[in-house]
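[1] need the 3D shape of this:
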Amino acid sequence: MHIILTPLIGIAMIILDLYMWALILAVVINWLIAFNVINIHNHFVYLVGDFLYRLTEPVLCMVRRVVPVMGGMDLSTIVLILVIVFLKMVLQQTAQHVAILPGL
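    I've put the predicted structure just below:
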């Protein structure tokens, strides 16, 4: 069982890492666009922003249903990053448990 479970946990942790970085990049790009540092009329900026929006917005929309906007600040990204960190810790503990008890 651990022959299959250990690589699956590793892949899940990599996917969670990549998604967390996509969230951070989406926030940074949104700030840069909001402060007119970069322009969405640039085709590359538009493509990257659109890709990150389509990747992150469905999950952030679900989090926004649960987490209210406080004082005009959207805390959904921070909450989602904390959930990802929690899931990574759970996966890491599971991987350690599987490594300790390989015969089960």
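
[2] contacting residues around the residue lying closest to Met20 once chain neighbours are set aside?
    Among residues not flanking Met20 along the chain, Ile84 sits closest, at 4.9 Å (C-beta to C-beta, 6 or more residues apart in numbering). Glycine gets a C-beta too; all of them are placed from N, C-alpha and C. By C-beta atoms under 8 Å, 6 or more residues apart in numbering, Ile84 lies in contact with Leu16, Tyr19, Met20, Leu23.

[3] surely Ile84 is in a helix?
    Yes - assessed by DSSP: H, G, I helix; E, B strand; the rest coil, Ile84 belongs to a helix.

[4] pull up the gap between it and Leu8, please.
    17 Å (C-beta to C-beta, to the nearest Å).

[5] just Ile40 next, same as before
    Taking C-beta to C-beta, one finds Ile40 at 38 Å from Leu8.

[6] would you agree Thr77 is in contact with Leu60?
    Yes - Thr77 lies in contact with Leu60 (C-beta atoms under 8 Å); the separation is 6.6 Å.

[7] tell me, what's touching those two both at once?
    With C-beta under 8 Å, 6+ apart as the test, Thr77 and Leu60 both reach Leu23.

[8] and the pLDDT for Leu16?
    Listed pLDDT for Leu16 reads 97.
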